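Enquirer: okay, predicted coordinates and the sequence, questions at the end:
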Amino acid sequence: HETEDDYLDVLDDMELGCSKHGRILSSYIVRPKDAGMVVGAEPGDVFIQLGTVGEAQAAVDNMAPRKYEQRFLNYSSVDERLWNQVKQLILQ
C-alpha cells in the first residue's frame, strides 16, 4: 500500500515535469480517502493547473510518453466542471 510520502513523491515528480512547460498555479493528487469525490478520478491521479491553456497543452504534449514505475502515464486536459470538483478537494 502507498504511504502519504509515496503520494507526495508522485506529486513532486509531476510538478517538476510540468513546471518545465509553465507556471504551476495549483496541484492535487487524489488519495484513497478522496475516492468517489471527483468523478472518474482514482487514487494516484494528479491534477495540475498551469498558468495558461498553452502551457497546459505543452505539458500534455511533452510529457505524454512518460512512464512512472514501469507504467505509462495518461495526460489530458480536463473541463472546468471537473477542475472545480478538484478545487474543492484542494480547499479542504
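Expert: Received the coordinates, thanks.
Enquirer: averaging pLDDT per element, find the lowest-scoring helix or strand in this protein.
Expert: Least confident helix or strand, the chain: strand 67-68 with a mean of 73, by mean pLDDT, DSSP states H and E.
Enquirer: that one pairs with which strands?
Expert: With DSSP bridges as the test, strand 67-68 is paired with strand 71-72 (antiparallel).
Enquirer: next helix or strand past the strand it pairs with?
Expert: helix 80-91 (DSSP states H and E).
Enquirer: send me that following helix as PDB with only the CA atoms.
Expert: Presented in PDB, the C-alpha positions along helix 80-91 are these (Å, rounded to 0.1, in the frame of the first residue of the first chain):
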ATOM      1  CA  GLU A  80     -13.900  23.400 -15.900                       C
ATOM      2  CA  ARG A  81     -16.600  21.300 -14.200                       C
ATOM      3  CA  LEU A  82     -14.100  18.600 -13.300                       C
ATOM      4  CA  TRP A  83     -11.500  21.100 -12.300                       C
ATOM      5  CA  ASN A  84     -14.000  22.800  -9.900                       C
ATOM      6  CA  GLN A  85     -14.500  19.400  -8.200                       C
ATOM      7  CA  VAL A  86     -10.700  19.100  -7.700                       C
ATOM      8  CA  LYS A  87     -10.500  22.600  -6.400                       C
ATOM      9  CA  GLN A  88     -13.000  21.700  -3.600                       C
ATOM     10  CA  LEU A  89     -10.600  18.900  -2.500                       C
ATOM     11  CA  ILE A  90      -7.600  21.400  -2.600                       C
ATOM     12  CA  LEU A  91      -9.500  23.800  -0.400                       C
END
